[in-house]
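Colleague: Can you look at this prediction? I've put the sequence above it.
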Amino acid sequence: MRYLLVLCLALSSLAVSAETYRWVDPQGRTVISDSPPRAEPATSPSRATE
């Protein structure tokens, strides 16, 4: 019975472990989330007008 309890606890801990992401947003706030930050849209390089 004790082995069954240990096995159940070990298997449940695998399901609970999740990857977390931490970053600082443009306003300077620290964000911790289970999903990665959204990629900012790439800006095209500005061209000098002649």
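Modeller: Arrived safely. Numbering: from 1, shown residues only.

Colleague: So what touches the least confident helix or strand in the chain by mean pLDDT?
Modeller: Every helix and strand in the chain was compared by mean pLDDT, DSSP states H and E; the lowest is helix 2-16, with a mean of 78. Taking contacts as CB atoms under 8 Å, 6 or more residues apart in numbering, no residue outside helix 2-16 touches it. For the C-beta atoms, the positions are set from N, CA and C on the backbone; glycine is no exception.

Colleague: tell me which residues in the next helix or strand after it are buried?
Modeller: Using DSSP states H and E, the helix or strand that follows helix 2-16 in sequence is strand 21-24. Within strand 21-24, no residue is scored as buried using 16 or more other CB atoms under 10 Å.

Colleague: Describe which strands strand 21-24 pairs with in its sheet and in which direction.
Modeller: Note on strand 21-24: by DSSP bridges, its sheet partners are strand 30-33 (antiparallel).

Colleague: Give me the contact list for the partner strand.
Modeller: Against strand 30-33 from outside (CB under 8 Å, 6+ apart): Thr20, Tyr21, Arg22, Trp23, Val24, Asp25, Pro37.

Colleague: For the third one, which non-adjacent residue is spatially closest?
Modeller: Ranked by CB to CB, 6 or more residues apart in numbering and with sequence neighbours excluded, the top spatial neighbour of Arg22 is Ile32, at 5.0 Å.

Colleague: same deal with Pro36?
Modeller: Tyr21 (4.9 Å).

Colleague: what's near enough to touch the one you found?
Modeller: Shown in contact with Tyr21 (CB under 8 Å, 6+ apart): Ile32, Ser33, Asp34, Ser35, Pro36, Pro37.
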